[in-house]
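Asks: Structure for the following, please:
(one chain, ligands or ions: 1)
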Amino acid sequence: MIWNEEFETLPREALEALQLKRLKATIERVYYTVPFYRRKLDEVGITPDSIRSLEDLKKIPFTTKDDLRENYPFGLFTVPLKQIVRIHASSGTTGKPTVVGYTRRDIETWSELMARSLSAAGVTKEDIIQNAYGYGLFTGGLGVHYGAEKIGATVIPVSGGQSKRQITIMKDFGSTVLTCTPSYALHLAEVAQEEGLNPRDTKLRVGLFGAEPWSEEMRKQIEELWNIKAIDIYGLSEIIGPGVAVECEEAQSGLHIFEDHFIPEIIDPETGESLPYGEYGELVITTITKEALPLLRYRTRDITRLIKEPCICGRTHMRIDRIRGRTDDMLIIRGVNVFPSQIEEILVATEGVLPHYMIIIDREGSLDVVEVQVEVDESIFSDEVKKLQTLARKIENNIKDMIGISVKVKLVEPKTLQRFEGKAKRVIDKRKL
Ligand code: DLL
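Replies: This next block holds a predicted model:
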């Protein structure tokens with residue numbers, strides 16, 4: 001279902017005209033209110049008047065996470081705090097958190113984008129949404145919450161964690177939609193089983209999963225386990241939170257990025273040059289309707305590609321492909337670039353292997369060594385040792401053939417690896433410790 005027919009199906013020409021108008025207004029806004037942007041734009045000789053076409057966007061310097069950190073906490077806000085009605089922050093693994101602020105209108109924009117996202121997944125006011133994204137400084141919980149209320153659905157603000165209680169609530173309240181990270185959706189299915197509930201027997205029919213990379217194979221597993229449709233939803237705090245892009249239930253192939261609010265570009269993460277259409281690279285986003293914290297050419301560090309082909313759902317907004325991973329999550333193993341999601345794809349596609357794994361990288365002498373620990377079915381585990389070895393070798397060969405790196409695969413018993421309530425952490429890089 002399309003929430004905002006008018007804007008989500010704007011013909012390209014009208015959409016681009018709107019983008020240009022909004023881009024100009026955004027540049028004007030930051031130029032006159034944020035010293036950081038004023039300085040940056042002056043350095044390259046750009047004034048708000050120099051932007052005549054969307055192509056001119058390329059003349060504007062990038063904004064990075066470091067810029068946000070250097071202006072911690074509120075230095076990039078365009079308005080005084082009295083106009084800010086909400087703050088969120090992402091913890092990050094190193095250094096200061098990234099702090100983002102919203103005006104009342106920003107919250108309205110975000111709610112609209114989340115209403116669109118839920119509708120794209122087929123969610124309506126008839127639904128009961130169990131929102132198991134964390135509430136708090138993380139944008140997942142409240143982002144979904146406001147969108148859910150906007151469409152008039154019944155929202156259960158259960159937040160993440162307390163998994164047994166999640167299952168009780170799901171059963172007793174008859175939740176029809178689950179929102180959480182894909183790794184938590186997997187974990188919850190296990191907990192349901194432990195509680196004597198077959199996850200396929202619940203009333204759940206749709207899930208909106210995101211906030212971390214997951215593979216197509218993982219989607220199949222989740223859909224199968226829960227007997228639901230699993231929709232990929234993308235976003236980041238800096239840009240607004242969840243609801244930057246979402247898959248439609250019709251195609252489930254690529255995520256529509258809401259182009260009346262964001263302008264996407266793909267660049268080579270090494271050189272910063274724009275890449276030809278269709279190539280994978282780093283996603284760069286310019287916000288064109290944000291008030292408190294507009295970002296010009298923000299480097300997301302997420303790797304994807306653009307898809308401009310028309311979609312069967314009727315939306316005219318282009319799509320981004322499933323996120324492959326982040327530039328900073330990319331592993332360089334003996335010189336080969338590898339994303340954990342590529343390894344995941346191979347593991348999860350293997351018969352008898354469970355979607356729970358951990359990648360451990362270490363250095364022996366000057367050589368990188370990788371161990372992939374992955375859980376296997378109880379039935380396989382109780383098989384003879386030889387069968388287990390054969391399976392491990394088979395996975396090692398597939399990884400070698402498809403990705404080009406040699407790894408050691410260690411098959412472990414079900415439920416022995418760590419589980420996650422929020423974003424999963426599936427790589428331990430001891431080289432960096
Ligand atoms: O994770 C916002 C969000 C909440 C998105 C709920 C979807 C659902 P941050 O904590 O700032 O915001 O983390 C943003 O998470 O740059 C990606 O690297 C990753 N990410 C988010 N969605 C996806 C996705 C939220 N669908 C960072 N696929 C982003 C892959 C994703 N990675």
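Asks: Tell me the helices and strands packed up against the longest helix anywhere in the chain.
Replies: The longest helix of the chain (DSSP state H) is helix 12-33. Judged by 3 or more Cβ pairs under 8 Å, 6 or more residues apart in numbering; DSSP states H and E, helix 12-33 is in contact with helix 35-43, strand 281-287. Backbone N, C-alpha and C define where each C-beta goes, glycine included.
Asks: Now do the contacts for Ile359.
Replies: Ile359 is in contact with 331, 340, 343, 370-373, 426-428, counting by Cβ atoms under 8 Å, 6 or more residues apart in numbering.
Asks: Rebuild these as a markdown table, extending it with secondary structure, distance to Pro213 and pLDDT.
Replies: As requested, the contacts of Ile359 are exported to a markdown table (DSSP: H, G, I helix; E, B strand; the rest coil; distance: Cβ to Cβ, whole Å; pLDDT from 0 to 100):
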| residue | secondary structure | distance to Pro213 | pLDDT |
| --- | --- | --- | --- |
| Leu331 | strand | 13 | 90 |
| Pro340 | helix | 7 | 94 |
| Ile343 | helix | 11 | 96 |
| Val370 | strand | 18 | 96 |
| Glu371 | strand | 20 | 97 |
| Val372 | strand | 16 | 97 |
| Gln373 | strand | 19 | 97 |
| Arg426 | coil | 9 | 95 |
| Val427 | strand | 11 | 95 |
| Ile428 | strand | 17 | 94 |
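Asks: Tabulate the CA atom coordinates of the longest helix of the chain in PDB.
Replies: The C-alpha trace of helix 12-33 is given here as PDB (Å, rounded to 0.1, in the frame of the first residue of the first chain):
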ATOM      1  CA  ARG A  12      10.800  11.900 -12.400                       C
ATOM      2  CA  GLU A  13      10.800  15.400 -13.900                       C
ATOM      3  CA  ALA A  14       8.600  16.800 -11.100                       C
ATOM      4  CA  LEU A  15      10.500  14.900  -8.500                       C
ATOM      5  CA  GLU A  16      13.800  16.400  -9.700                       C
ATOM      6  CA  ALA A  17      12.300  19.900  -9.800                       C
ATOM      7  CA  LEU A  18      11.200  19.400  -6.200                       C
ATOM      8  CA  GLN A  19      14.600  18.100  -5.200                       C
ATOM      9  CA  LEU A  20      16.300  21.100  -6.700                       C
ATOM     10  CA  LYS A  21      14.000  23.600  -5.000                       C
ATOM     11  CA  ARG A  22      14.500  21.800  -1.700                       C
ATOM     12  CA  LEU A  23      18.200  21.500  -2.100                       C
ATOM     13  CA  LYS A  24      18.600  25.200  -2.700                       C
ATOM     14  CA  ALA A  25      16.600  26.000   0.400                       C
ATOM     15  CA  THR A  26      18.700  23.500   2.400                       C
ATOM     16  CA  ILE A  27      22.000  25.100   1.300                       C
ATOM     17  CA  GLU A  28      20.700  28.500   2.000                       C
ATOM     18  CA  ARG A  29      19.700  27.400   5.500                       C
ATOM     19  CA  VAL A  30      23.000  25.900   6.500                       C
ATOM     20  CA  TYR A  31      25.000  28.600   4.800                       C
ATOM     21  CA  TYR A  32      23.400  31.300   6.900                       C
ATOM     22  CA  THR A  33      23.100  29.400  10.200                       C
END
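Asks: quick revisit: most surrounded residue in the contacts of Ile359?
Replies: Highest neighbour count within those, by other Cβ atoms under 10 Å: Ile343, with 27 neighbours.
Asks: Can you spell out which helices and strands pack onto the lowest-mean-pLDDT helix or strand in the chain?
Replies: Least confident helix or strand, the chain: helix 378-381 with a mean of 86, by mean pLDDT, DSSP states H and E. Packing contacts for helix 378-381, counted by 3+ Cβ pairs under 8 Å, 6+ apart, involve helix 385-403.
Asks: Mind giving me the packing neighbours of the host helix or strand of Asp302?
Replies: Taking DSSP states H and E as the criterion, Asp302 maps to strand 298-304. Contact here means 3+ Cβ pairs under 8 Å, 6+ apart; on that basis strand 298-304 packs against strand 229-236, strand 281-287, strand 325-326.
Asks: redo that, cut-off 10 Å
Replies: helix 65-70, strand 229-236, strand 262-267, strand 281-287, strand 319-320, strand 325-326 (3 or more Cβ pairs under 10 Å, 6 or more residues apart in numbering; DSSP states H and E).
Asks: Distance from the fourth one to the middle of the chain?
Replies: Yep, that's strand 281-287 we're talking about. 13 Å (Cα atoms, centre = their mean, to the nearest Å).
Asks: Sheet partners, orientation included, of it?
Replies: Here strand 281-287 has these sheet partners by DSSP bridges: strand 262-267 (antiparallel), strand 298-304 (antiparallel).
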